[in-house]
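In: Compute the structure for the input listed below.
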Amino acid sequence: MPTLAVTIAEVRAQVAARKTDARGRGVAEPTVALVPTMGALHNGHLALVRRAREIADVVVVSVFVNPLQFSEAEDLDRYPRDLDSDIRTLDGDAAGAGAIVFAPTPGEMYPDGKTQTKVTSGNVGNLLEGRSRAGHFDGVLVVVSKLLNIVQPDFVLFGQKDAQQVFVVSRMVRDLNIPVTVEVVETVREDDGLALSSRNRFLDERERLAARVLSRTLEAADSAADGGIDSVIAAAQAAGMGEPLVDLEYLSVVNPTTFLPVDDGYHGKAIVLVAARVGATRLIDNETVYLGG
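Out: Prediction:
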């Protein structure tokens, strides 16, 4: 059964106790992995937890819906919250059953309200997801930096589905010399290609079928990658057309080292990103491609 901690003092004490226990079993330098989540756990989250269990002696799964990364126009109140279900989900998996679950309240994380100290995501934080969700990545970086300071893990794990988040967190870790390794786990998908997301539960049957157009768009982009950026954009746009329940917000191809749009004639590794509203639900996805063969 996972161990629940709801205060900063409790999670620190639990981590310290687990490390002491590991030393008692002959582990000289026990390592800690942190899996930050906003709850509503699914198999995508469990893939992160399983990887955490592979690389570390102690696994902490944070469950916290961070208000700083939601704008006033977004669905903070609508975001699914069910801690009991999340604990059952972890308990049902061998990797998660022994985890420490850190589930603080907003008051525990932000006792004085919004922090006066900011962590800025810079120019990249204002593009793509940042353009659609003003201030989102600054809020992500504040909570991630707090979680890293609270837990002090050796590893922190994120899913590739949130590629822009991975980029800004990795850059923060590098820029601020935070002693943690960012471990990225491949996107977990349904059998039909739809990327797992906590927001998928908001889709009705028709919307669920329509949402498959996101992965088809990325598949088309990958198939056209040998032809370069123009071929990728054309193929992706063609694949995404004709689905009335899907409203495309952006389709972009970026350089993974800068997260800026690739130039014409660019050859090499790139990330194709897509965001769309399916009914009232906003979904994102991405795929790594190699432009120009």
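In: got a pLDDT number for the most centrally placed residue in the chain?
Out: Ranked by distance to the mean C-alpha position of the chain (CA atoms, centre = their mean), the top residue is residue 162 at 4.3 Å. Note for residue 162: predicted pLDDT of 97.
In: Next up, identify which helix or strand the residue nearest to it when sequence neighbours are not counted is on.
Out: In space, and not counting its chain neighbours, residue 162 is closest to residue 284: 7.4 Å by CB to CB, 6 or more residues apart in numbering. C-beta: built from backbone N, CA, C; applies to glycine. Taking DSSP states H and E as the definition, residue 284 sits inside strand 281-291.
In: what lines up beside that strand in the sheet?
Out: strand 268-278 (antiparallel) (DSSP bridges).
In: Now do the residue nearest to residue 162 against residue 218, distance only.
Out: When distance is defined by CB to CB, to the nearest Å, residue 284 is 11 Å away from residue 218.
In: next one: residue 139
Out: On the measure of CB to CB, residue 139 and residue 218 end up 27 Å apart.
In: Can you pick out the residue with more neighbours from those two?
Out: Counted by other CB atoms under 10 Å, residue 139 and residue 218 do not tie: residue 218 has more neighbours, with 25 against 22.
In: Identify the contacts common to residue 284 and residue 218.
Out: Common contacts of residue 284 and residue 218 (CB atoms under 8 Å, 6 or more residues apart in numbering): residue 274.
In: As a check, name the ranges of all strands in the chain.
Out: Taking DSSP state E as the test, the strands found in the chain are 3-5, 32-37, 58-63, 100-102, 155-159, 181-185, 246-254, 268-278, 281-291.
In: who wins for proximity to residue 214 among the ones you listed?
Out: The minimum distance between residue 214 and these falls on strand 281-291, with 4.6 Å, by CB to CB.
In: got the domain boundaries for this protein?
Out: The chain breaks down by the TED database into domains covering 3-185, 200-288.
In: right, so of those, which gets closest to residue 191?
Out: domain 200-288 (10.6 Å).
In: from the chain's centre, how far out does the closest one sit?
Out: 17 Å (CA atoms, centre = their mean, to the nearest Å).
In: what do you get for stretch 156-168?
Out: Centre-to-centre, stretch 156-168 and its host chain are 5 Å apart (CA atoms, centre = their mean).
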